[in-house]
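Next input, structure requested:
(one chain, ligands or ions: 2)
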Amino acid sequence: MIMQIKKLLNIPGTREEFDFTVPEERLALVRSCEFASPVQVTGSIANHAGVVTLSLHISFSLLVTCDRCLKQTVQAFSYNPEHIVVRRLENPEEDEENYIIAKAESIDLAEIALSDLLLELPTKMLCKEDCKGLCPVCGCDKNTTECNCMSQILFE
Ligand SMILES: [Zn+2]
Ligand SMILES: [Zn+2]
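Ligands and ions are numbered 1, 2, ... in the order given. Down below sits the predicted model:
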């Protein structure tokens, strides 16, 4: 999803909206995630008095493997990142993360959405916040099964 933004960069007061689905072949390149739904992206890019702001709303769901109990669940996520779009950074010391540099006066919205998504995803994924995990002795799922392994160790 390449967007030509020459007019947006040049003319204060201009604004454009977008609404698209990230193509599946690009999701396949994100090997760290198993997508359970398409990645939907909506948002706008607007020039306010010469400052061009890109606002995105990204929503998707993932097949998540719980870090504690290894159960797989489908979880929905949504993020609303914002960026300032510039042709070049005036001051290279500025925090580059929030800037999109549009050298060719175009931006690849799918690429921006996917890199935002990867940046925002938590590093630890749980099936639920208070997941009890697996018993380190017998390996049973302590969310659904009671075992006495830990008390046996304590009272021996
Ligand atoms: Zn779990
Ligand atoms: Zn056990």
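
Burial check on Y99, number of neighbours?
If you count neighbours by other C-beta atoms under 10 Å, Y99 ends up with 15. (Glycine included, C-beta is placed from N, CA and C.)

Need phi/psi at it.
Note on Y99: backbone dihedrals following degrees, to the nearest 10 are phi -100, psi 140.

I'd say it and R87 touch.
No. Judged on C-beta atoms under 8 Å, Y99 makes no contact with R87 at a distance of 10.6 Å.

after the longest strand anywhere in the chain, next one along is what?
The residue-count maximum for a strand in the chain (DSSP state E) belongs to strand 51-65. As assigned by DSSP states H and E, the chain's next helix or strand after strand 51-65 is strand 72-79.

Can you give me the domain assignment for this structure?
For the chain, automatic domain parsing gives the domain ranges 2-125, 132-156.

Just checking the distance from the shortest one to the centre of its chain.
Taking the mean of its C-alpha atoms, domain 132-156 sits 35 Å from the chain's own mean (C-alpha atoms, centre = their mean, to the nearest Å).

Equivalent analysis for stretch 56-67, please.
7 Å.

what do you get for stretch 77-88?
Distance, centroid of stretch 77-88 to centroid of chain: 12 Å (C-alpha atoms, centre = their mean).

Run through the residues of this protein sitting next to ligand 1.
The chain comes close to ligand 1 at residues C66, R68, C69, C127, C131, as judged by C-beta under 5 Å from the ion.

where does the closest residue to the fourth one other than its chain neighbours land on pLDDT?
By the measure of C-beta to C-beta, 6 or more residues apart in numbering, the closest residue to C127 outside its immediate chain neighbours is C66, 3.8 Å from it. The per-residue pLDDT reported for C66 equals 96.

Using the three-state scheme, assign the residue nearest the centre of the chain.
Nearest to the geometric centre of the chain sits L117, at 1.7 Å (C-alpha atoms, centre = their mean). What DSSP: H, G, I helix; E, B strand; the rest coil gives for L117 is helix.
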